[in-house]
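Student: Curious how this folds, go ahead:
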Amino acid sequence: MKSVEGVRVRRDTAAPERDAGHRRRLVLLDEDDRETALFFLRWLREPTRIGAIAPSSRQLGRAMARQVTALGTDPVIELGGGTGSVTRALLEAGIAPERLVVVERDERLFRILQQRFPSVRVVRGDARTLRRLLAPLGVRKAAAIVSCLPLISMPRRTCLRIVAESFALLGEGRPLVQFTYGLTSPLARERLGLKGRITARIWANLPPASVWRYERPRHRHELPQVA
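Tutor: Below is the predicted model:
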């Protein structure tokens, strides 16, 4: 106990030990915990661009990867790579790193993806200009596009632009794979002239998610243009 300017102050000698213990507990957080915390902070910053408060589960990533593993040799494009949970699932499913291109708009997440997947081409930019983003890489068609973007929370014009850009790269029978937390299709299939179906429901995801697979019918050569 000592006095400072007439006020009696008691020094707590146990405080440093408590602080050190607290720091040790923070260090012991595993990779999944750190990833979830980072994702949540990015979601708080841009909830309409980051569609969930936590990264996609491994089960969801695997369910999406199953839709694209046997689709030729052209590049597979992932939209909205986040912290890389779906990217990892695509690689584990057998997609060669040189075939995979990941598009991420958020600068922090973009840098994380580059560090975690140095053999994968990671592009920073907006999916509304997808063809322009991929042109410097020589990518003009895709075997499949896997979207982790929150399309249902985006403005309609933005969503339509992303879908049009995606199908401009996709040929017949080549899918746009999209997951959603909603109960209905995240894309207006009839309005866009697309065929779509649910290929998986992942109850273990947070929150539970559905995987949708969309294709352009044979007679449909282009989607409605968006100015």
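
Student: ranges for the strands of this protein?
Tutor: Assigned by DSSP state E, the strands in the chain fall at 2-4, 7-9, 76-79, 100-104, 121-124, 144-147, 176-180, 195-202, 209-215.

Student: what's the span of stretch 92-101, first residue to last?
Tutor: From its first residue to its last, stretch 92-101 covers 15 Å (CA to CA, to the nearest Å).

Student: Out of the strands of the chain, the one nearest Ser153 is which?
Tutor: strand 176-180 (10.2 Å; CB to CB). All C-beta atoms are positioned from the backbone trio N, CA, C, and that covers glycine.

Student: circling back: of the strands of the chain, flag the one that's most buried.
Tutor: Comparing the strands of the chain by mean neighbour count (mean count of other CB atoms under 10 Å), strand 144-147 ranks first with a mean of 28.

Student: Looks like Val103 contacts Arg128 (just checking).
Tutor: No: contact criterion CB atoms under 8 Å: Val103 and Arg128 do not qualify, at 10.6 Å.

Student: how far is stretch 137-148 from where the chain is centred?
Tutor: Stretch 137-148 sits 15 Å away from the centroid of its parent chain (CA atoms, centre = their mean, to the nearest Å).

Student: List of residues touching it?
Tutor: Contact with stretch 137-148 is made by 51, 56, 64-65, 67-68, 71-82, 86, 90, 99, 101, 121, 123, 127, 131, 134, 162, 166, 169-171, 174-179, as judged by CB atoms under 8 Å, 6 or more residues apart in numbering.

Student: quick one: Arg197 from Ser210, how far?
Tutor: 10 Å (CB to CB, to the nearest Å).

Student: what do you get for Ser166?
Tutor: The separation that Ser166 has from Ser210, given CB to CB, amounts to 19 Å.

Student: Arg62 now?
Tutor: 14 Å.

Student: Ok, Leu137 next?
Tutor: With CB to CB as the criterion, Leu137 and Ser210 are 31 Å apart.

Student: Ok, Glu107 next?
Tutor: For Glu107, the distance to Ser210 - CB to CB - is 30 Å.

Student: Now do Asn163, the pLDDT please.
Tutor: No, residue 163 isn't Asn; it's Val. Looking at Val163, its pLDDT reads 96.

Student: Tell me who's in contact with the residue nearest to Asp126 when sequence neighbours are not counted.
Tutor: Ranked by CB to CB, 6 or more residues apart in numbering and with sequence neighbours excluded, the top spatial neighbour of Asp126 is Arg105, at 5.5 Å. For Arg105, the contact set (CB under 8 Å, 6+ apart) comprises Arg49, Gly80, Arg124, Gly125, Asp126, Ala127.

Student: In a markdown table, list the residues you listed along with pLDDT.
Tutor: Converted to a markdown table, the contacts of Arg105 look like this (pLDDT from 0 to 100):
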| residue | pLDDT |
| --- | --- |
| Arg49 | 51 |
| Gly80 | 94 |
| Arg124 | 98 |
| Gly125 | 97 |
| Asp126 | 96 |
| Ala127 | 97 |
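
Student: which one of these sits closest to Phe117?
Tutor: The closest of these, once distances to Phe117 are taken by CB to CB, is Arg124, at 13.7 Å.
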